[in-house]
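Trainee: Sharing a model that was predicted from the sequence below.
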2 protein chains.
Amino acid sequence: MLDNFLNKISNNITLTEADKAVFSQNVIVKKLRKRQYLLQEGEICKYVAYVSKGILRSYLVDKKNNEHIIQFAPEGWFISDLNSFISEDYSTLNIDAIESSELVLVSRAAHLHLEHAVPEFFKFNYMQYRGAYLALQKRISDMFTLSTEEKYTKLLSIYPDIMQRVPQHMIASYLGLTPETLSRVRKKLVVNKV
Amino acid sequence: MLDNFLNKISNNITLTEADKAVFSQNVIVKKLRKRQYLLQEGEICKYVAYVSKGILRSYLVDKKNNEHIIQFAPEGWFISDLNSFISEDYSTLNIDAIESSELVLVSRAAHLHLEHAVPEFFKFNYMQYRGAYLALQKRISDMFTLSTEEKYTKLLSIYPDIMQRVPQHMIASYLGLTPETLSRVRKKLVVNKV
DNA sequence: TTAATCTATTGACCTGCATCAATAGTATTT
DNA sequence: AAATACTATTGATGCAGGTCAATAGATTAA
């Protein structure tokens, strides 16, 4: 699982063997069972998690106790409550495992240290943040401009793998729909396709 | 207007006089009249614009010809279609001036050059992107969890200055509402306050 | 193997917001 | 000063999607 993490990093930037050693010494490997929390609302987010196996989600819970999924993170992705991680404020997000998973955790201190010790890692994070920003901008654009049906089919076409692994009501939650509505949208799609 | 820009940068990172000279030589100063486009959908976004005076907006137009505002950028803010700027793909966003404005433009080549020539500027952008990502994440959270009324009052409390300067139908557009609906929400708020 | 939980579907009903249309005040232009 | 565009409000009406409730298959736990 550590290898998986180091590969991810070195796919994007060049790491010497020494760099890899520094990484290895500054991260924590962790397993999570299905439904186990990595982070619960109100805690301080101590880690950025890299998913080497399985799939996690981050979500928030509104006043009516409805869950809204912010992000799915399958193998190869990072997940955290970045705001809490950076500011050390209480988190508003929950993060848990949809499947039992394996993670590589980077603490705040380790993250800072690594950015300093491995300057290329700073660059890596620059790209990550920029990419994450662009992705969210696209998501907002889609929220504004696409019909419910289009949002769903686009999601299916972009992340077919993820969509097959997570229960349907979580897809609904990600799209800002109730499970009932998504069920009806799907029905309509099937009928129209025949 | 160039000073305003240099101050913005040097509020966040330390610039030598030499650095400032490099910046000055690598940016373009530009004025925009009210309603004038900086960027039109389908063009390639050549610049990141810093607003030294006035206020701009970026928005997209859906199939039904409704505008959806992605961002307002008053003095001290940056605006662009970052996706188009980086990838040199055709832009999906429009950017225009809500008030007549003064800008400092940084081209892609200049941006790359500056990041290289002034390493602190690379750091500055790292922070910008990270901050922009966090801001969008909050926006999505609010879209999910707040009622229409709450979204509006929160916007008013966070950006009272901007909200006073832009027409109401643009606020509606930013919130994903029709002008009629926002008008009714406002009415209800006044009545409830009395 | 039997509960208990999780998941998806379907129906009946309700509501928040969009749509369409009319009015009127306020800026801009010429 | 008149004409044109822009902006905000209000009313009437329709619909997409939420809510509540029932059913049933599929997982998971005891």
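Mentor: Structure received. Numbering: from 1, shown residues only, chains lettered A, B, ... in the order given.
Trainee: Strands along chain A, start to end?
Mentor: Residue ranges of the strands in chain A, as given by DSSP state E, are A:28-32, A:37-39, A:47-53, A:55-61, A:67-74, A:78-79, A:94-97, A:101-107.
Trainee: how about the residues of chain A near chain B?
Mentor: A:60, A:62-63, A:68, A:70, A:82-83, A:86, A:92, A:122, A:125-126, A:129-130, A:132-134, A:136-141, A:143-145, A:176 (CB under 8 Å from any CB of the partner chain). Heads up, the C-betas are built off the backbone N, CA and C, glycines and all.
Trainee: returning to what we had before: can you lay out the strands of chain A as a markdown table showing mean pLDDT, distance to DNA strand C and mean neighbour count?
Mentor: Shown next, in a markdown table, are the strands of chain A (pLDDT from 0 to 100; distance: least, CB to the nearest atom of the strand, whole Å; neighbours: other CB atoms under 10 Å in any protein chain shown):
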| stretch | mean pLDDT | distance to DNA strand C | mean neighbour count |
| --- | --- | --- | --- |
| strand A:28-32 | 96 | 16 | 16 |
| strand A:37-39 | 97 | 13 | 21 |
| strand A:47-53 | 97 | 19 | 23 |
| strand A:55-61 | 96 | 11 | 21 |
| strand A:67-74 | 97 | 10 | 20 |
| strand A:78-79 | 98 | 19 | 22 |
| strand A:94-97 | 97 | 12 | 22 |
| strand A:101-107 | 97 | 15 | 22 |
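Trainee: closest one to A:Ile162 among these?
Mentor: Set against A:Ile162 and scored by CB to CB, the strands of chain A come closest in strand A:67-74, at 5.2 Å.
Trainee: Direction included, what does that closest one pair against?
Mentor: strand A:55-61 (antiparallel) (DSSP bridges).
Trainee: Nearest residue to the middle of chain A?
Mentor: The geometric centre of chain A, computed from its C-alpha atoms, lies nearest to A:Ala73 (CA atoms, centre = their mean), at 3.4 Å.
Trainee: how much space between the nearest residue to it once chain neighbours are set aside and A:Lys63?
Mentor: Leaving aside its chain neighbours, A:Ala73 sits nearest to A:Ile79 (3.8 Å; criterion: CB to CB, 6 or more residues apart in numbering or on different chains). Remark: distance between A:Ile79 and A:Lys63 (CB to CB, to the nearest Å) = 24 Å.
Trainee: got it, and A:Ile95?
Mentor: According to CB to CB, A:Ile95 stands 20 Å off from A:Lys63.
Trainee: what do you get for A:Val118?
Mentor: From A:Val118 to A:Lys63 the distance is 43 Å (CB to CB).
Trainee: what about the two, which has more around it?
Mentor: A:Val118 (21 against 9; other CB atoms under 10 Å in any protein chain shown).
Trainee: backbone phi and psi for that one, please?
Mentor: phi -120, psi 90 (degrees, to the nearest 10).
Trainee: so who does it touch?
Mentor: Neighbour list for A:Val118: A:15, A:19, A:22-23 [criterion: CB atoms under 8 Å, 6 or more residues apart in numbering or on different chains].
Trainee: closest to DNA strand C among those?
Mentor: Of all the contacts of A:Val118, DNA strand C sits closest to A:Phe23, with 34.4 Å by CB to the nearest atom of the strand.
Trainee: Low-confidence ranges, chain A, go.
Mentor: A:191-194 (pLDDT under 70).
Trainee: What residues does it have near DNA strand C?
Mentor: A:167-169, A:179-180, A:182-184, A:186-187 (CB under 7 Å from any atom of the strand).
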